[in-house]
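Participant: task: produce atomic coordinates for the following.
(chains A and B)
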Amino acid sequence: MAPINLSHRRTHNLLLISKLLGLRDTASPFTLLLDSLEQPATPLIKEYIRRARLSKVHVTLIAFETLKQPDGVDTFVSARRKNPQDIAKEVGSASQVSTSSNSSRRRVIIIDSINPLLNSKTAGPAFHLPTFLSSFLVPPSPSAPKIETSLVVTYHQDVPSLPAQQPYSPSPFSLLTYLATTVITLHSFTHILAQKAARDRSLVAPVFGLEEEQDGVLLGRLDKVVGNKSAECVVLEMEHRRKSGRGVVEWYILPPASQYSPQQAKEVVTLLDDHPLYRPPEEPATGAEEEPESTFELRLTDRQRREREGVVLPYFDAQSGDGPGEGGRILYDMGEEDDFDEEEDEI
Amino acid sequence: MPTQPPLPPLLTPYVSSLPQSSLTLISSVLAATGNWLVLRYLYAALNTSSTFGINESDTSKRRKVVLVSFVRSWDFWKSEAKRLGLDLARLADKGQFAFVDGLSELFYSPAKAPAAPPTQSGAIPSRGLPIRSQPGAVPARSPAPAPGTGDNNLSTPTEKGVAKRLHFSGHGTTALDNLEKDIANVIGQLKSASGNEDDLDILLIIDQPDLLLAATGASKGIGATEMMEWVMGLQQHVGSTILTLSADSPLIHNASDSAHRQATPLEIEHAAFAVGSAHRARTVMQLRNLETGAARDVSGVLRLSKGGAWEGGESKGEGGWEEREVLYFIQRDGGVSVFGRGES
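Facilitator: Below is the predicted model of the structure:
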């Protein structure tokens, strides 16, 4: 497949990510964020909340590991020691209150970490993950006013999950990636740069943190090593499944929140390929394509080239087969610039 | 070597700034334990004579500390703190410090044995401690000071300085809730002692609660999620929390996908608890051995990193907090020097 050119991706995919992060048109009802200790999803969740506030979207946070209500969250539901049905009920009642009082017709439900729920021992065998998730998206009754709901779920990839109770059922992780309409995997920009630098030299890409498998190391991130602003950038690897079923894969960069104002409505996310550190701007293409300079004029003019192509070489004529000797004649039409040399041309 | 100041200058900004409702995770390995770091936190919080003049306002605010210890005894902490010039027993009398003993009678209550239901006295003590707890700390368990005061009422301290001895009873979350209630009571006593509850900053240190996870496990209905929720519950009672956990490679890496064998439930639960806590933590202090082998003048490596719950906005306000990696050396007298690589 031919690579889609950069300007096409710039227009279409940037539009797509701002639609996804801005929760517009329910482009993605269920977004799955895959993070790790090396790059937590906190900055991206903050970005979601920031954009939701700008466009007056009601924000509900289901907190499995957050203690304090963060800024910008309208409804904070602590999920500690609660069974899934109660959580769903609480979120549902919160939404009814919000829709009756508020005119906002869009809402986003953020789950800060789904892992505790998946590993929970108290949830019981009756717990069914797809039902739990879809209970947030499906309106409680058909008569209720239609609310556009988006669900954003964070899954920590490095937290091991228990083996499945039933051996034939898929793991919760594959279930989540199957259900999700958008999967965003987060990477640390410094790691991406280090891996790219290694790849460019055909070396084995380095690993960080838990993957190092070093005794006593949980986190490998050290922002001092890089020492510049780019360390705080977050790389988003997005896979969006359209309604038609076609998938779109793109890599983006989210700059740190300190680099733009909280009120900024203009898109801050850029393509990874457009970042100067990831792909340094190419120098104007000189030298590589030009032929070596010399004092002779080696190139042909257009007319010379045309005439050269017009020459019928002897072997073409030989193939017509007019008998021996006949086909090998050199046919030459004299041009006006040729001067006739008696001695040479009399043969 | 010269005597070291109780608080190494390089560490001072890290151990003395603990914002409200933050979680700090100290991860250690068998050969590089975190006791000394916990003691430095204790010192930073409790030492009122401001020997280090960095944040005068903080020291005058007077922190209170609750130390919940699961693998080390009261005697250990008392003697170690004394080497830093911190008299924990006296501070406990003054109501500034409380020690919760999770070691000596967690699965065993001698005085209550006749009254206790047979399942509790019969089944639980046989479980014992897991083998991977610190070698230096385990012997303190066998000569557990038998309370001579007859009836061991749960609310009265049996030994001077020990505010509470934890008893594990029951199953699953109810057992953890009981433990939480006991610890919350101690915190409440400390709060009420001061009278003014608003500007009080209580620091809770939970030392190696992974023992609880290892000793109970799935058969008791306790897993990583339940432990995390237990820690969250405790966090709600106090200002800031410090958690110490083991991060030895078998406990962390056997459960990952790259391991080529089936991980045991303990390995999975421990890894989930440790990694999950790191996700919840604001800062993570990782202690480990020197990769290049043992050295005479280096005890180990301390890596200070931002955890999963680090808030990006804070970094501007307190510019002093940056991730870094330092070496440390524990001298024979208990003094610790902390220095960067290549320095001394």
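Participant: burial of B:Arg177, as a residue count?
Facilitator: Small correction: residue B:177 is Asp, not Arg. For B:Asp177, the neighbour count with other CB atoms under 10 Å in any protein chain shown is 16. In this view, the C-beta of every residue, glycine as well, is placed from N, C-alpha and C.
Participant: correction: the previous question concerned B:Ser79.
Facilitator: 12.
Participant: with only the CA atoms kept, save the host helix or strand of it in CSV.
Facilitator: Per DSSP states H and E, B:Ser79 falls inside helix B:74-83. What follows is helix B:74-83, C-alpha atoms only, in CSV (Å, rounded to 0.1, in the frame of the first residue of the first chain):
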residue,chain,number,x,y,z
TRP,B,74,8.9,-1.8,68.3
ASP,B,75,12.3,-2.5,69.8
PHE,B,76,13.9,-2.3,66.4
TRP,B,77,12.4,1.1,65.5
LYS,B,78,13.1,2.5,69.0
SER,B,79,16.8,1.6,68.9
GLU,B,80,17.3,2.7,65.4
ALA,B,81,15.6,6.0,66.0
LYS,B,82,17.7,6.5,69.0
ARG,B,83,20.8,6.4,66.8
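Participant: buried ones in it?
Facilitator: By 16 or more other CB atoms under 10 Å in any protein chain shown, the buried positions in helix B:74-83 come out as B:Trp74, B:Phe76, B:Trp77, B:Lys78, B:Glu80, B:Ala81.
Participant: and the fourth one, what is it in contact with?
Facilitator: Listed by CB atoms under 8 Å, 6 or more residues apart in numbering or on different chains, the contact set of B:Lys78 reads B:Leu88, B:Ala89, B:Gly161.
Participant: distance of it from B:Arg40?
Facilitator: 16 Å (CB to CB, to the nearest Å).
Participant: okay, helices next: where are they in chain B?
Facilitator: Assigned by DSSP state H, the helices in chain B fall at B:12-16, B:35-46, B:56-61, B:74-83, B:88-93, B:118-123, B:172-194, B:210-216, B:224-235, B:249-253, B:265-280, B:314-317.
Participant: so which of those helices is the most packed in?
Facilitator: helix B:265-280 (a mean of 25; mean count of other CB atoms under 10 Å in any protein chain shown).
Participant: tell me where the chain is predicted with low confidence.
Facilitator: Using chain A. For chain A, the stretches flagged by pLDDT under 70 are A:1-4, A:98-104, A:123-125, A:140-145, A:221-231, A:282-294, A:314, A:317-332, A:344-347.
Participant: can you look at chain B instead?
Facilitator: Applying pLDDT under 70 to chain B picks out residues B:1-2, B:48-62, B:109-159, B:194-200, B:258-260, B:312-320, B:344.
Participant: in it, which residue sits nearest chain A?
Facilitator: Using CB to the nearest CB, the single residue of chain B nearest to chain A is B:Arg288, 2.9 Å away.
Participant: which residues does that residue bridge with?
Facilitator: In this entry, B:Arg288 is beta-bridged to B:Val301, by DSSP bridges.
Participant: check contacts around it.
Facilitator: So B:Arg288 contacts A:Gln214, A:Asp215, A:Gly216, A:Val217, B:Val29, B:Ala32, B:Ala247, B:Gly300, B:Val301, B:Arg303 (CB under 8 Å, 6+ apart).
Participant: one more time with 10 Å
Facilitator: B:Arg288 makes contact with A:214-218, B:27-29, B:31-32, B:247-249, B:300-303, B:325, according to CB atoms under 10 Å, 6 or more residues apart in numbering or on different chains.
Participant: restricted to buried residues, select those residues in PyMOL.
Facilitator: Buried members of those, defined by 16+ other CB under 10 Å, are picked up in PyMOL with:
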select buried, (chain A and resi 214+215+216+217+218) or (chain B and resi 27+28+29+32+247+248+300+301+302+303+325)
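Participant: so which bits of the stretch 1-150 of chain A are right by chain B?
Facilitator: A:35-43, A:46, A:63-68, A:70-71, A:78-82, A:112-113, A:115-123 (CB under 10 Å from any CB of the partner chain).
Participant: okay, and which of these map to strands?
Facilitator: A:Asp35, A:Ala63, A:Ser78 (DSSP state E).
Participant: between those residues, which sits nearest A:Lys266?
Facilitator: The nearest member of these to A:Lys266, counting by CB to CB, is A:Asp35 at 25.7 Å.
Participant: can you name the residues bridging to the closest one?
Facilitator: A:His156.
Participant: list the contacts of it.
Facilitator: Here A:Asp35 is in contact with A:41-45, A:113, A:154-158, A:184-187, A:234, B:279, B:308 (criterion: CB under 10 Å, 6+ apart).
Participant: state the distance from it to A:Ser135.
Facilitator: Taken as CB to CB, the span from A:Asp35 to A:Ser135 is 24 Å.
Participant: okay, which residue is most central for chain B?
Facilitator: B:Asp207 (2.2 Å; CA atoms, centre = their mean).
Participant: quick check: that one touching B:Val65?
Facilitator: No - the criterion here is CB atoms under 10 Å, and B:Asp207 misses it with B:Val65 at 11.9 Å.
Participant: intersection of neighbour lists for those two?
Facilitator: Common neighbours of B:Asp207 and B:Val65, using CB under 10 Å, 6+ apart, are B:Ile242.
Participant: might you report the residue contacts of B:His270?
Facilitator: Neighbours of B:His270 in contact, by CB under 10 Å, 6+ apart: A:160, B:132, B:210, B:213-214, B:217, B:224, B:227, B:245-248, B:250-252, B:254-255, B:263-264.
Participant: switch the cut-off to 7 Å
Facilitator: Residues near B:His270 by CB atoms under 7 Å, 6 or more residues apart in numbering or on different chains: B:Asp210, B:Leu213, B:Ala214, B:Leu251.
Participant: find the residue closest to the first one in space, skipping its chain neighbours.
Facilitator: Meaning B:Asp210. Leaving aside its sequence neighbours, B:Asp210 sits nearest to B:Leu245 (CB to CB, 6 or more residues apart in numbering or on different chains; 5.2 Å).
Participant: and the residue of chain A nearest chain B?
Facilitator: A:Gly216 (2.9 Å).
Participant: quick check: chain neighbours aside, which residue is closest to that residue?
Facilitator: Nearest non-adjacent residue to A:Gly216 (CB to CB, 6+ apart): B:Arg288, at 2.9 Å.
Participant: what does B:Ile268 give?
Facilitator: B:Ala255 (4.5 Å).
Participant: I'd say the one you found and B:Glu267 touch.
Facilitator: Yes - counting by CB atoms under 7 Å, B:Ala255 does reach B:Glu267; the two are 4.7 Å apart.
Participant: element containing the closest residue to A:Arg199 other than its chain neighbours?
Facilitator: Counting by CB to CB, 6+ apart, A:Ala205 is the residue found nearest to A:Arg199 once chain neighbours are left out, at 5.9 Å. Under DSSP H and E, no helix or strand contains A:Ala205.
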